[in-house]
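Novice: Fold the following for me, if possible:
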Amino acid sequence: MKPRTLLILALSLVLAACSGWQLRGDTQNPRFESVTLVGASARLRYNVERGLAPSGTLVHSQSPYIVNIIDERWNRRTAAVDERGRAAERELTYEIIWQLIDRKTNAVLNPPRHIMAIRSFAYSPDNVTATSDEEYLVEEDLFDDITYRLINHIADASRKIVPKEE
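Specialist: So this is what the prediction gives:
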């Protein structure tokens with residue numbers, strides 16, 4: 001076989017193996033008409049509401065399905081220092097643990113699921129204003145990432161619970 005043919009064959013196999021991937025920011029649509037979100041910070045709640053709106057899934061307090069945020073945690077650490085011992089890189093970690101509950105029976109519909117995202121950014125002690133702006137943008141990115149992943153997890157759980165409409 002020619003090298004070009006082998007390359008095309010290898011790329012085809014790699015692409016076929018990746019058929020389950022999604023672009024970051026792409027969400028699946030849950031089969032639930034609504035969910036109740038419990039235990040989430042206001043910021044996460046608003047992001048989830050905004051993320052579910054295009055699919056028509058409402059977030060309100062009387063839904064038959066409860067998305068219980070068991071734990072929501074932020075961590076910030078210095079990832080690297082410069083030659084003078086000052087922070088040169090920061091790392092932000094945002095993680096949640098969630099579970100789906102049936103309101104009517106109080107049955108737990110999935111084991112606790114852990115979602116975590118980590119981002120690093122350059123930190124400049126000489127330019128604190130620009131650094132704080134960048135940190136805010138990184139936080140927004142973390143919230144968006146966790147939101148999209150949570151919605152995809154909820155959509156996956158909904159497919160296992162709500163039968164496909166025919």
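Novice: Quick check: which helices or strands does the top helix by length along the chain pack against?
Specialist: For the chain, the helix with the greatest residue count under DSSP state H is helix 128-161. Judged by 3 or more Cβ pairs under 8 Å, 6 or more residues apart in numbering; DSSP states H and E, the packing partners of helix 128-161 are helix 42-52, strand 65-81, strand 87-102, strand 113-122. Where you see a C-beta, it was placed from the backbone N, CA and C, and this is true even at glycine.
Novice: try 10 Å this time
Specialist: Under the contact definition 3 or more Cβ pairs under 10 Å, 6 or more residues apart in numbering; DSSP states H and E, helix 128-161 sits against strand 34-38, helix 42-52, strand 65-81, strand 87-102, strand 113-122.
Novice: can I get the ones you listed in JSON lines with distance to Val138, mean pLDDT and mean neighbour count?
Specialist: Shown next, in JSON lines, are the helices and strands packed on helix 128-161 (distance: least, Cβ to Cβ, whole Å; pLDDT from 0 to 100; neighbours: other Cβ atoms under 10 Å):
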{"stretch": "strand 34-38", "distance to Val138": "24", "mean pLDDT": "96", "mean neighbour count": "19"}
{"stretch": "helix 42-52", "distance to Val138": "14", "mean pLDDT": "95", "mean neighbour count": "17"}
{"stretch": "strand 65-81", "distance to Val138": "10", "mean pLDDT": "94", "mean neighbour count": "14"}
{"stretch": "strand 87-102", "distance to Val138": "6", "mean pLDDT": "94", "mean neighbour count": "18"}
{"stretch": "strand 113-122", "distance to Val138": "5", "mean pLDDT": "94", "mean neighbour count": "15"}
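Novice: Turn the ones you listed into a markdown table, including distance to Glu135.
Specialist: What follows is those, written out as a markdown table (distance: least, Cβ to Cβ, whole Å):
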| stretch | distance to Glu135 |
| --- | --- |
| strand 34-38 | 26 |
| helix 42-52 | 15 |
| strand 65-81 | 8 |
| strand 87-102 | 7 |
| strand 113-122 | 7 |
